[in-house]
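S.K.: the following block contains a protein sequence and its predicted model.
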2 protein chains.
Amino acid sequence: MTPAELSVRFFLQLAVIVAACRGVGWLVRRWLGQPQVVGEMIAGVVLGPSLLGALAPDLQAALFPPESKAILFAGAQLGVGLYMFIVGLGFDRNEFSSNVRGAASVSLAGMAAPFLVAIAITPWLMTLPGLFTPRVTTLEATLFMGAAIAITAFPMLARIIHERGLSGTPMGTLSLSAGAIDDAAAWMLIALVLASFGDGPSVAILALGGGVAFALFAVLLAPRLLAPLGRAGEIGEGRLAIALLLFLLAAFTMDAIGIHAVFGGFLLGTAMPRGEFADGLRRKLEPITVVLLLPMFFTFSGLHTELLILGDPSLALVAALILIGSIVAKGGACYVAARWSGQPHATAMGIGALMNARGLMELIVINIGLQRGIIGPALFAILVLMAIATTLMASPLFEALYARPARRRGETVGGLEARPGEGAAGPGLRKGATGPDSLSEHSGPASQLP
Amino acid sequence: MTPAELSVRFFLQLAVIVAACRGVGWLVRRWLGQPQVVGEMIAGVVLGPSLLGALAPDLQAALFPPESKAILFAGAQLGVGLYMFIVGLGFDRNEFSSNVRGAASVSLAGMAAPFLVAIAITPWLMTLPGLFTPRVTTLEATLFMGAAIAITAFPMLARIIHERGLSGTPMGTLSLSAGAIDDAAAWMLIALVLASFGDGPSVAILALGGGVAFALFAVLLAPRLLAPLGRAGEIGEGRLAIALLLFLLAAFTMDAIGIHAVFGGFLLGTAMPRGEFADGLRRKLEPITVVLLLPMFFTFSGLHTELLILGDPSLALVAALILIGSIVAKGGACYVAARWSGQPHATAMGIGALMNARGLMELIVINIGLQRGIIGPALFAILVLMAIATTLMASPLFEALYARPARRRGETVGGLEARPGEGAAGPGLRKGATGPDSLSEHSGPASQLP
């Protein structure tokens, strides 16, 4: 294929990808009351070998010829990198200061239990064919598995908290703080696995040392160095270009030393000047990232998701086991810890339901694992299922266990009655919907397909 | 190279590209008073074989390995496609209603003279080696050459007119109308060449018929069909996705029938609901398009620009001849026509200076010509030179021939004294600058590198 032929195909691919993501997203929002992100995760799987490839292999092969993979991958990488940068921009350090004991216990439980499950099952999983690659050590496999179970869809959680007007409530601060701490810890452990997974100790040292150095730089030095960028006034092309340039360099550096572009993006995002600048930058980057680039990631991920593997009964059993273990470990442990730190039953249930949602974050983690050859296609398919299932569960569980009882008690929790206006991120939800209206893992204005 | 290696390289490439475009852009703005777009055109050439490749071939080859070309090309295509969509969104039919006789004569002159030059020199150019490919007929070569000489940097022209507060003046309406008419005519002729250049008459009929059908659809039917999109309120993800999906389908269709993605983008852009919707859409698409994607186009173009070919004395002579002929034909003819339609000398000079700037539009035209195998690398290099030179000339000429005399007469023309604020597209220009401050071929807020 010449570049020109590839580019013709590229426009068609993108059109199909955007149409599938919005279409399935609309369906799950409209009929299941689910957030848009669930629809996009499913749309990616639909376009891959699990559905389109099984039903119409020729059409699927024509739409996504092998030569086009590199382009899709580049777009997907740029998409998740920018997305994590945007998540970092929205990371508000002030939001999780109160209730330190509660946050510490919930987040600790939300890490410890998943890792106990990982320690218990990983050695057994490693004896089964196709779940892990032969190169992986038990320690690496366990760390990766633990992180994959422990990760939380932090941006989606933050979005739900804000949209329902729960910021500042025990429910809000507890889950926001615990989610943020858990995600930070999980990502650090994944970085550790990626670092140790390099070719030999010198590579690992470079990765670890570089990763730690960049993290320290991003937390301690960068906010002061970047402060001049945050001057008042609309962000012009010049400042936007500088922010993008820094993002690209951070992503490249983290990629080149063997960690991953998303770390660079996220850490840089947290170091950017807060307030007007961070908000303005998000407004400029978010539209194309969320509507055009992230769908490329969902599709790239879906093209590697072979759900049909799980038709094998023994693998289906493994999948069910991992799924149940993960849900109990993450959601259950967070519920217990919240109860232990003095929260009433309903609040603790709500926290457990939200912390259990893994969403796009899980998808990013496991795609890194697959790309780097840590996990095989079978475990990848199982974990895709886990990402979709735990995200699907979150909204109905949260509604049934927390929001509805709270409304019955007369508390104000954005719920089924209100309809969001397009634009302002209103606290309400559309009629019949129990999840937030929009992509839900970022915080742009909510939207509706007409 | 694995996709992962390519993606590491991709972040580095993008960083180098953004840094080069902003860096050279800043230099030409700061020291030459030129618009950003001139800097980005030069930056692309700098990164290609003409400079970086000649000075440090290993570095250049490491930065832009052949495998990465497809990714760069896809990004560049998306960039120019979206850019032309944005240009279409900014196309205001009301702006060129008055002074029909003047607009008609200037635009007619601005088409006729370039085509006379093309008719005069193309047969001779075709006898020289490496300018046109052997497949091209004299008619096709002449039409392409005429369009390449006649094209105007319409978006840049519109930007200058608005920024200097000249909308509504004879200067403003005349050059806006004439520029728009000329560009529309030139693109139609290029579409004609591309259509006739297909493999056999059936392909040409498909291209021509499809192109005409789509143009008629975009002008007559689409505005009514798309009107519901233009309802009030902030554009949410849903409407943005629909607009992008339509753009992708239009770009794909025009690409697939053998015309080019940019036509689809531009025509669709003109058909979108005007006002709040078009403005909001531009605000969402423009930042990443202008700061990240268009630089990929400038670089892709620059990677194919071998200016060193023009070291050959006979080719240098050809280049000088084409350059002078084009400037006289376009700028001179527009001046004469403006005088003939009753404009004073200074106004006619200003119109000639602006109409002669070819900017990014020329670069898009000639990249299509090179990709489709109409022109060879030597003519491509000559026309890159023409694009840069005529754009470089525009601002100083406009300032010297029109703006300064006008200010001396006490008219208000945004000029050297005022300093623009970052954000609001102020009418003034930065100290020492004679061109607009920002990219100048789109209409976002002006920006400054710190």
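M.R.: Nice, I can see it.
S.K.: the helix or strand that A:I327 is a member of packs against which elements?
M.R.: Following DSSP states H and E, the helix or strand that holds A:I327 is helix A:313-327. For helix A:313-327, the helices and strands in contact under the criterion 3 or more C-beta pairs under 8 Å, 6 or more residues apart in numbering or on different chains; DSSP states H and E are helix A:100-125, helix A:377-398. The way it works is simple: take the backbone N, C-alpha and C, and place the C-beta from them, glycine included.
S.K.: hmm, the shortest one in reach of chain B?
M.R.: No - for a cut-off given as C-beta under 8 Å from any C-beta of the partner chain, helix A:377-398 has no contacts with chain B; the smallest distance is 15.5 Å.
S.K.: picking up where we left off before, and the next element down the chain from the helix holding A:I327?
M.R.: For helix A:313-327, the succeeding helix or strand toward the C-terminus, using DSSP H and E, is helix A:333-340.
S.K.: how about the helix or strand following that following helix: buried residues?
M.R.: Reading on from helix A:333-340 to the C-terminus, the next helix or strand found by DSSP H and E is helix A:345-356. Burial within helix A:345-356, assessed by neighbour count using 16 or more other C-beta atoms under 10 Å in any protein chain shown, is assigned to A:346-356.
S.K.: want to throw the residues you listed into JSON lines with distance to chain B and pLDDT?
M.R.: Listed next are the buried residues of helix A:345-356 as JSON lines, based on distance: C-beta to the nearest C-beta, whole Å; pLDDT from 0 to 100:
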{"residue": "A:A346", "distance to chain B": "32", "pLDDT": "92"}
{"residue": "A:T347", "distance to chain B": "31", "pLDDT": "91"}
{"residue": "A:A348", "distance to chain B": "33", "pLDDT": "93"}
{"residue": "A:M349", "distance to chain B": "30", "pLDDT": "93"}
{"residue": "A:G350", "distance to chain B": "26", "pLDDT": "92"}
{"residue": "A:I351", "distance to chain B": "28", "pLDDT": "92"}
{"residue": "A:G352", "distance to chain B": "29", "pLDDT": "94"}
{"residue": "A:A353", "distance to chain B": "25", "pLDDT": "93"}
{"residue": "A:L354", "distance to chain B": "22", "pLDDT": "93"}
{"residue": "A:M355", "distance to chain B": "26", "pLDDT": "94"}
{"residue": "A:N356", "distance to chain B": "25", "pLDDT": "95"}
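S.K.: and of those, the nearest to A:R282?
M.R.: A:L354 (22.2 Å; C-beta to C-beta).
S.K.: quick one on the thing from earlier: now the angle from the helix holding A:I327 to helix A:377-398?
M.R.: Here helix A:313-327 runs at 40 degrees with respect to helix A:377-398, directions being taken by axes from the mean of the first three to the mean of the last three C-alpha atoms, to 10 degrees.
S.K.: ok, and does the helix or strand bottoming out on mean pLDDT in chain A reach over to chain B?
M.R.: The weakest-scoring helix or strand in chain A, judged by mean pLDDT, DSSP states H and E, is helix A:154-163 (a mean of 80). No - judged by C-beta under 8 Å from any C-beta, helix A:154-163 and chain B are separated, with a smallest distance of 12.8 Å.
S.K.: counting contacts, what elements does that helix pack onto?
M.R.: Using 3+ C-beta pairs under 8 Å, 6+ apart, helix A:154-163 is in contact with helix A:170-196, helix A:345-356, helix A:359-371, helix A:377-398.
S.K.: quick check: the residue nearest in space to the middle of chain A vs A:F132, distance?
M.R.: For chain A, the residue sitting closest to the mean C-alpha position, by C-alpha atoms, centre = their mean, is A:M361 at 1.8 Å. Distance of A:M361 to A:F132, computed by C-beta to C-beta, to the nearest Å: 21 Å.
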